[in-house]
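# Generate coordinates for the sequence data below:
(chains A and B)
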Number of protein chains: 2
Amino acid sequence: MNAYADLHQRHQRLHRLSHLQSIAQWDQSANMPTKGNEARSLALAEMGGLLHQLATEPALQGLLEQAEGETLDDDQRANLREMRRVWRASNALPQALVEAKSLATSRCEHDWRSQRPANDWAGYLDNLREVVRLAREEARYLADSSGLGLYDALMDQYEPGMRSSEVDRVFGDLRQWLPDLISAVQARQAQQQTLQPQGQFPKAGQRALGLDAMRLMGFDFEAGRLDESAHPFCGGVPEDVRMTTRYREDSFLPSLMGVIHETGHGRYEQGLPREWLGQPLASARSMALHESQSLSFEMQLGSHPAFAALLKPHLVKHLGDQAAFEELNLHRLLTQVSKGLIRVDADEVTYPAHVILRYEIERALIEGQIECADIPALWDAKMMELLGIDTSGNFRDGCMQDVHWGAGLFGYFPCYTLGAMYAAQWFASMRRENPGLDGQIAAGNLQPVFDWLHSRIWSQGSRWETPELVRRASGETLNPAHFKAHLQARYLG
Amino acid sequence: MNAYADLHQRHQRLHRLSHLQSIAQWDQSANMPTKGNEARSLALAEMGGLLHQLATEPALQGLLEQAEGETLDDDQRANLREMRRVWRASNALPQALVEAKSLATSRCEHDWRSQRPANDWAGYLDNLREVVRLAREEARYLADSSGLGLYDALMDQYEPGMRSSEVDRVFGDLRQWLPDLISAVQARQAQQQTLQPQGQFPKAGQRALGLDAMRLMGFDFEAGRLDESAHPFCGGVPEDVRMTTRYREDSFLPSLMGVIHETGHGRYEQGLPREWLGQPLASARSMALHESQSLSFEMQLGSHPAFAALLKPHLVKHLGDQAAFEELNLHRLLTQVSKGLIRVDADEVTYPAHVILRYEIERALIEGQIECADIPALWDAKMMELLGIDTSGNFRDGCMQDVHWGAGLFGYFPCYTLGAMYAAQWFASMRRENPGLDGQIAAGNLQPVFDWLHSRIWSQGSRWETPELVRRASGETLNPAHFKAHLQARYLG
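Numbering: from 1, shown residues only, chains lettered A, B, ... in the order given. Predicted structure coming up:
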């Protein structure tokens, strides 16, 4: 067996074992009763340790070097490149730091669940300081191993190849025109009469509606399912995608659009190159690319002017008919823009403001320009500047609203807005290639969209580094002009 | 760290990893969509190999020997005894045989799913021959390692310490009086008028009824759940028990009594000594002991003359009222005896006949006195002799009805009837100690039963070898007279 074949086999093994980890994690959120938690956490930690041990076996370094000299085809060479990336990431951090961070983030997340409703910033700050201390240490190790800057080294874990200089460029532009655009959209929408849906929407009806929406979006139910969890996510494995949602009986749109969003993630996973499953080449390329799929589904399609007509019969079937479900009104409900406190509730126009704010704060925090105690004042100032909202003293709906920082996920936030930009870029490219696209969507034919995403993104996995993947898909690398054009056309056109 | 502490840690690790295996297996039966099967099977096989590797690490032999000489308390010594038993079983079989058997039984089980409905004995025989060949080889290895006879060596995997000489003794006795008892019960029941339940029973109502029955039987829903699967089972882990059932809308009793049966298994698992979880001492003692719990719930309690009155309000609540739910009639429905073809549908009076037949055939098969091709003729003869039923040519509802042989589970069948005997012995012992027991049950107070089972069986785990556990629980070792007395009192009293 040559070195490449040996590596191939080792990754297959990692994939099989992490399959069990993924399913057990999904189960922990979707099914597990409370008393199962301690044993489950210990079991997952044991598996985490085992996977880390397998990913850092001393033999790997030599095998990776040896494989470089072997005769490989292009896909194998791309796979080897990704193997090396996984290996470098796994080996960059000392085990003691990984364990310390795991403990500190578990404690911080756990306490946050009660501190957030209590608006207890002081209590949260105590835990967050330790998490940030360890995240800075992590950034230092990753930067040393990769030669990147501190923040870039963290961001590279989620968005390989993306640099803060690039983020600055695209977010800097966005920051200029976004506040004015938001005001213009709000002024225009203030002229419109929009009926709000009336009544209670029982869970069973919402679930049936969600399943219909997944069918409309082409989800393969022989390779996945929809369940409930407190925090919706898309997990499982590519062969068996586990999506979750939650239901509020006084409101059905959050669950419905959440399901459509997760279906985008789910189809990316289901569409990864099957002949490569188990190898790094078959992994989704990055978090921004992943988000570009969920936002292609939720925003590009779900808020498309023609989509309300496709949704309406399913609403009527599962929730009964009412005036608010009339097509134009439904479209207005799906595209209502409002300046709110909460990122996850934000529409596609105000969402980037939430992300820019977090990016600017977390980058300064990691690079040591600010300390944790400075976060609330900066938060308040930036919320006022970007959205004109006063958040002073409201930690709960301000800087304590997200799980990311407490969980040690620094460098993740930019992916959300980069994903929105990529999604706009995909649709601009689809329309250039296929001028009849909007007519097809209006006729209920979404297949051209799915085919494009499948051939350009899903089936490519990690075959190309991101700029090359993006260029092959859309003819150019990341171009935020498409996002601006999309928002202007949809909301001011 | 001394040798015992080292072993303790290794078993904790095995327990944590097998936790993920158990949950993924449950998920495979209860949730998994079809296209997930291949990846799941590969993931479970990878984990199976890993667990086997950890259980057979060369260091273990020395550690086990060294630990024998260390200062241990009684529980630790019992735990060490069980560690040695696990180790011996894991090391007895060459890896190649384990893999060959896994392949052969997978193929045999898979083909059986279509061969059984097609009544295709010839096709099944082809696969079964290979399974039996490997099971005989397995028996030979296990016999060599344990010093037991061939069949005993297989049975010892499910029922440690039980020997065919003992099974012969108790089944030999049973064989004498069972056919006459069945005839007498049937003659008596022929005099009774029993109303059959009328109508369709929607799944949602049956599920709610099953959950109520689980509450009545004291199941801890914070440490387990009820779901659906094609073949009901009780899986998961002691900290998080996963029970399943299936529903037929034309009949609710099979699911209801199945749920009560599995609840007995589930409470045994939930009641295992928590401070020892993860160690062999905390394992359920044996398959017959496990079955003695499910049958204590399903038969001793579920078919108790006073139980119909406890069930009735739940039936009325979830399925609506009807004449057949009147208490005496309901009790008759729960104790109806009929000679049928199918073991899993059998009542507690005819069930042992199905087991005796299988025991006699599988033992002769393993010991080489018969070959696979001889099974149908023997089956027909024994069905005629024990139950007076003609099964000639009906392989589907005859020797092809069970999954056990195709799955290579030889030596398992006796556990069902040994479990029924133990269950009768537990209740005889409870009544001796507490003459008011039946009055308490009639008053809806099942706690004395649960307390007895918890203190004598569940919380003991594998602390004692079976005869000692049974003696401590009930004052004597296995005594089949209690089972006979139970059937006579309930059905002819």
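# any idea which element the most centrally placed residue in chain A lies in?
Chain A has A:Glu291 as the residue nearest its centroid, 4.4 Å off, counting by C-alpha atoms, centre = their mean. Using DSSP states H and E, the element containing A:Glu291 is helix A:287-295.
# again with A:Gly264
A:Gly264 belongs to helix A:253-271, assigned by DSSP H and E.
# still on that earlier bit, tell me the contacts of the nearest residue to the residue nearest to the centre of chain A once chain neighbours are set aside?
Of all residues beyond its chain neighbours, the one nearest A:Glu291 is A:Gly419 (2.6 Å), with distances taken as C-beta to C-beta, 6 or more residues apart in numbering or on different chains. Heads up, the C-betas are built off the backbone N, CA and C, glycines and all. A:Gly419 is in contact with A:287-295, counting by C-beta atoms under 8 Å, 6 or more residues apart in numbering or on different chains.
# if we go to 6 Å?
Residues near A:Gly419 by C-beta atoms under 6 Å, 6 or more residues apart in numbering or on different chains: A:288, A:291-292, A:295.
# so A:Arg431 sits in a strand?
No. Under DSSP: H, G, I helix; E, B strand; the rest coil, A:Arg431 sits outside any strand and is assigned helix.
# how many neighbours does the spatially closest residue to it that is not a sequence neighbour have?
Nearest residue to A:Arg431, sequence neighbours excluded (C-beta to C-beta, 6+ apart): A:Leu437, at 5.2 Å. As a burial measure, A:Leu437 scores 17 neighbours (other C-beta atoms under 10 Å in any protein chain shown).
# A:Leu437 and A:Met430 touch, don't they?
Yes. At 5.4 Å, A:Leu437 and A:Met430 qualify as touching, with contact defined as C-beta atoms under 6 Å.
# backbone phi and psi for A:Gly172, please?
A:Gly172 adopts backbone torsions of phi -60, psi -40, taken as degrees, to the nearest 10.
# again, but for A:Arg225
Torsion angles, degrees, to the nearest 10, at A:Arg225: phi -150, psi 170.
# Check the gap between it and B:Glu476 for me.
Between A:Arg225 and B:Glu476 the computed distance is 51 Å (C-beta to C-beta, to the nearest Å).
# Compare neighbour counts for the two and give me the winner.
A:Arg225 (22 against 14).
# If the more buried one is in a bridge, with which residues?
Beta bridges link A:Arg225 to A:Arg242, judged by DSSP bridges.
# Give me the pLDDT for it.
Note on A:Arg225: pLDDT of 98.
# Now do the one helix or strand A:Met421 maps to against helix A:287-295: the angle between them, please.
Using DSSP H and E, the element containing A:Met421 is helix A:414-433. Counting by axes from the mean of the first three to the mean of the last three C-alpha atoms, to 10 degrees, helix A:414-433 lies at 60 degrees to helix A:287-295.
# buried residues in helix A:414-433?
If you call a residue buried by 16 or more other C-beta atoms under 10 Å in any protein chain shown, then helix A:414-433 has these buried ones: A:414-430.
# next structured bit after it?
Using DSSP H and E, the helix or strand that follows helix A:414-433 in sequence is helix A:437-442.
# Remind me what that following helix packs against, helices and strands.
Helices and strands touching helix A:437-442, as assessed by 3 or more C-beta pairs under 6 Å, 6 or more residues apart in numbering or on different chains; DSSP states H and E, are absent.
# mean confidence score for the helix or strand just after that helix?
Of the helices and strands lying after helix A:437-442 in sequence (DSSP H and E), the nearest is helix A:447-456. Computed over helix A:447-456, the mean pLDDT rounds to 98.
# With stretch A:165-185 instead?
96.
# Now tell me what touches that stretch from outside.
Against stretch A:165-185 from outside (C-beta under 6 Å, 6+ apart): A:337, A:349-350, A:352, A:356, A:414, A:480, A:491-492.
# Buried residues in that stretch, which are they?
A:166-167, A:170-171, A:174-175, A:178-179, A:181-182, A:185.
# Tabulate those (JSON lines), appending secondary structure.
Below are those laid out as JSON lines (three-state DSSP):
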{"residue": "A:Glu166", "secondary structure": "helix"}
{"residue": "A:Val167", "secondary structure": "helix"}
{"residue": "A:Val170", "secondary structure": "helix"}
{"residue": "A:Phe171", "secondary structure": "helix"}
{"residue": "A:Leu174", "secondary structure": "helix"}
{"residue": "A:Arg175", "secondary structure": "helix"}
{"residue": "A:Leu178", "secondary structure": "helix"}
{"residue": "A:Pro179", "secondary structure": "helix"}
{"residue": "A:Leu181", "secondary structure": "helix"}
{"residue": "A:Ile182", "secondary structure": "helix"}
{"residue": "A:Val185", "secondary structure": "helix"}
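# Which pair of these spans the longest distance?
Between any two of the buried residues of stretch A:165-185, the greatest separation by C-beta to C-beta is 26.9 Å, found for A:Glu166 and A:Val185.
# Grab the nearest non-local neighbour of the residue in the stretch 151-300 of chain A that chain B sits nearest to.
Residue nearest to chain B within the stretch 151-300 of chain A: A:Asp240 (3.1 Å; C-beta to the nearest C-beta). Nearest non-adjacent residue to A:Asp240, counting by C-beta to C-beta, 6+ apart: B:Gly36, 3.1 Å away.
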